[in-house]
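Engineer: Sequence below, structure please.
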Amino acid sequence: MAQQWERGDFTISTDKSRLDLGVIHGFLDRSYWASGRSVETIKRSIENSVAFGVFKGERQVGFARVITDYATFGWIADVFILEEFQGQGLGKWLTEIIIAHPDLQGFRRWVLATKDAHDLYKKVGFAALKRPERWMERHDKTSAESPDYWANDSEGETPA
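Structural biologist: I've put the predicted structure just below:
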């Protein structure tokens, strides 16, 4: 069942039917982490996540989603607030709503990845990985996405 929270002129909603895929794709395609992600992939990712839209009236101005098993783990992903609405505390509010969502309680671990929003996430309890040496990742070289973290820092190329 969709839930909704309000603050001034803004609303956060988990009603997926309200989401504007054009806004979401437009922002993610310009982002450092999801450039090249297709609308079809975004749609599938939303269908298989808990999605949060941020709205001013009917206009979507932000988004985030949580990948979860609803029991032990939550991964916050694809968080954004449109540039013209940044600086109003909406990102922090969105993150607080996500963490407090009644269906997302009791997890042993929440994770996320960020290049430039560490201070925002520290305000809501996130910290650097305690044991990063225990984490691994695998890059699928056939993916159409080209996030900057796969680039070779010295040459700006994606590793082979």
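
Engineer: rest of the way, CA atoms for contacts and neighbours
Structural biologist: Noted.

Engineer: Let's verify I98: helix, strand, or coil?
Structural biologist: Per DSSP: H, G, I helix; E, B strand; the rest coil, the secondary structure class of I98 is helix.

Engineer: Output the below-cut-off pLDDT ranges for the chain.
Structural biologist: Applying pLDDT under 70 to the chain picks out residues 145-160.

Engineer: Try it again at 50.
Structural biologist: The model of the chain has pLDDT under 50 over residues 153-160.

Engineer: Buried residues of stretch 128-142, list them for me.
Structural biologist: Using 16 or more other C-alpha atoms under 10 Å as the test for burial, stretch 128-142 gives no buried residues.

Engineer: And that stretch, end to end?
Structural biologist: Distance across stretch 128-142, first residue to last, is 30 Å (C-alpha to C-alpha, to the nearest Å).

Engineer: Give me the distance from it to the chain's centre.
Structural biologist: 18 Å (C-alpha atoms, centre = their mean, to the nearest Å).

Engineer: do stretch 76-94 as well
Structural biologist: On C-alpha atoms, centre = their mean, the centre of stretch 76-94 falls 10 Å from that of its chain.

Engineer: Residues contacting it, please?
Structural biologist: Stretch 76-94 is contacted by residues 12, 27-28, 34, 52, 54, 61-67, 110-113, 120-121, 123-124 when judged by C-alpha atoms under 8 Å, 6 or more residues apart in numbering.

Engineer: Now the terminal residues of that stretch, how far apart.
Structural biologist: First-to-last residue span, stretch 76-94, C-alpha to C-alpha: 11 Å.

Engineer: on that earlier part again, selecting buried members of the contacts of stretch 76-94 in PyMOL, what would you type?
Structural biologist: Applying 16+ other C-alpha under 10 Å to the contacts of stretch 76-94, the buried members can be selected in PyMOL as follows:
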select buried, resi 12+27+28+34+52+54+61+62+63+64+65+66+67+110+121
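
Engineer: How many neighbouring residues does R108 have?
Structural biologist: R108 has 9 neighbouring residues, counting by other C-alpha atoms under 10 Å.

Engineer: wait, doesn't it sit right on Y70?
Structural biologist: No - the criterion here is C-alpha atoms under 8 Å, and R108 misses it with Y70 at 10.9 Å.

Engineer: Pull up the overlap in contacts between those two.
Structural biologist: The contact lists of R108 and Y70 share no entry, where a contact means C-alpha under 8 Å, 6+ apart.

Engineer: rewinding a little: in strands only, show me the contacts of stretch 76-94.
Structural biologist: Those of the contacts of stretch 76-94 mapping onto strands are I12, F52, V54, V61, G62, F63, A64, R65, V66, I67, W110, V111, per DSSP state E.
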